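# What shape does this take:
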Amino acid sequence: MAIVINGSGTVTGLAVGGLPDGTVDAGTLASNAVTEAKIATDSVTAAKIPASLENTFVSGRKNLIINGNMDVWQRGTPIATMGFGADRWKTYSTASGVANYNVTNTQVADNPISAGGYSYSVAVDNASTSIDFITVTQLIEQANLTSINTGDSLTLSFWIKKTRDLDSNATFKVMAMTPASSKDTWSGVQYQSTDSLASTPFSENYNSLSTSWVKKTATFTVTANMVTRGLGLCFQIGESNVTSGAGSTAEIYRFTGVQLEKGSTATDFEYRSYGEELALCQRYYERFIADASAEMLIGVGVNASATDVFINYPYKQIKRVIPSFSSSGASHFERLTASWGAGSSINCQANIATARLNMGGFPSSTIWNATEVRITAAANDAHWFAFDAEL
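All right, here's what the predicted structure looks like:
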C-alpha cells in the first residue's frame, strides 16, 4: 500500500499494489533526485523519449574536418619542407616576412583519445633566422559547408600539448578564415596572420600550454562569407624568435583529434575508418606509391615514341577539380614491348588538361601497339606519381 501525494504535498488517497500512473510528478521529486544509478537497465526506451528531445540528438556525419586524427599521410612522413604534411594539412612559416622552409612535419604514434592513433608533430630547424610565425592550416571546401547557415554556431575542439617552451612572447592561436573574394579561391590567405580573418576562436600564451595532452574548445559564429566562399582553420605559433639550436631539429608541439561541428557544444570525436578517411583525402590528392619489394604494373597503353607511352589510369576518387600531375622521376618507370625492347625507361607525365574529373593519367586514342607500363625493378617507397586538386 502506498500513500498518494500530489505536487502540493497534499495526501489525496491510498493506492494498493504500487503507485498509479501520474501520481509522481515533477513537483514531487526533489532536484537531482533521479540519478543514473537509480535508473534500471533498459528502462528508458525510445518510446519514452519525447520527439522534441530526440530531435536535438546529433546524428549523421558531424565533423567538417578531414583527417582530424592525423591518420592519412600519402606524401610520407616525416616531411622536412613547407607544404602539406598530413593529408589536408598544410604548413607554412615566415622569417622576417619571407617564406621559410625549416619546418618538419611528422606523424607521431601519440594520441590521447586512441591508443593506436596518431598526432601531428611540428618541429623547426632554424639556428640563424627568426621565424615570425608557423601555421598549420586546413581549408574546407565550400561544397562541404551546405549544412551550415549564417549565424549558426560552430564549435572547434582539439587536443594539444607543447614539447618545449619558447620565448615569453610566443602565442598560440587558432583562426577561422574565409577567402577574400570568391568561392574556394584562397590565393595565399591561409598564410597571413590577419587577412580575411573571420574570428579568432582560440588564443593564449604559448608557454601556458601544458606538456601533457589537454583538450581545447572554442565556439564562433558562422559568417555569410563562410557559407558562400569556404572556411579555413589556421593553427598558428607566433613569436619573434622560434629557434632550435645550431644544426638541430627540435619539436615544438603536437596536436590531434581536431573536430569542427555545428552547435555550441563540443561532443566526442567522430571516428571514421581509415578507408573512409583516405577516400575523403583522395578527392584532393591521390598518390600511387610503389611496393618496396617488387615491380608493379600500372596499366596497358600505346607507344607514342621510343621513350613515351600513353596509358589510361582511372582515379580512385573523383577529384575536386582537374588536378595537376607530378612523379618521382622518369627512371622509376619502364615499359615492356616487343618492338621497343623490355625494360626501357619512359617519361612519366600526364596529359590531363581536358581529362574528365573521374578519369586521369595518360589518355590515349588509337591503340596501335599495346604496351605495359610498370614501376621499375628497383621499386621502393620513393617511386610514385600523384594527382593534386588541393585548395
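
# Give me the phi and psi angles of residue 156.
Main-chain torsions, residue 156, degrees, to the nearest 10: phi -100, psi 140.

# got the contact list for it?
Contacts of residue 156 were listed using Cβ atoms under 8 Å, 6 or more residues apart in numbering, and they are 174, 176, 201-202, 217-220, 233, 258-260, 266. Bear in mind the C-beta positions are built from the backbone N, C-alpha and C, glycine included.

# same thing but at 10 Å, please
Contact analysis of residue 156 by Cβ atoms under 10 Å, 6 or more residues apart in numbering lists 64-65, 174, 176, 201-202, 216-220, 233, 258-261, 266.

# Need the buried ones from these selected in ChimeraX.
Applying 16 or more other Cβ atoms under 10 Å to the contacts of residue 156 leaves a buried subset, and the ChimeraX line that selects it is:
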select :64,65,174,176,201,202,216,218,219,220,233,258,259,260,261,266
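
# From the contacts of residue 156, which land in helices?
Among the contacts of residue 156, none falls in helices (DSSP state H).

# for this structure, which strand is longest?
Secondary structure assigned by DSSP state E gives strand 250-262 as the longest strand of the chain.

# what lines up beside that one in the sheet?
Take DSSP bridges as the rule and strand 250-262 pairs in its sheet with strand 119-124 (antiparallel), strand 153-162 (antiparallel).

# could you pull out the helices for the chain?
Counting by DSSP H, one finds helices in the chain at the ranges 51-54, 224-229, 274-282.

# And these: which comes nearest residue 210?
Among these, helix 274-282 comes nearest to residue 210, with 27.5 Å by Cβ to Cβ.

# which outside residues touch that closest one?
Against helix 274-282 from outside (Cβ under 10 Å, 6+ apart): 61, 66-74, 86-88, 144, 271-273, 286-287, 315-319, 387, 389-390.

# And this protein, split by domain according to the record?
The chain breaks down by automatic domain parsing into domains covering 2-54, 83-280, 284-388.

# how long is the second one end to end?
If I follow you right, that is domain 83-280. Start and end residues of domain 83-280 are separated by 19 Å (Cα to Cα, to the nearest Å).

# now stretch 92-107
Using Cα to Cα, first and last residues of stretch 92-107 are 17 Å apart.

# okay, now residue 314: neighbour count?
Neighbour count of residue 314, defined by other Cβ atoms under 10 Å: 9.

# Thanks again, I'm all set now.
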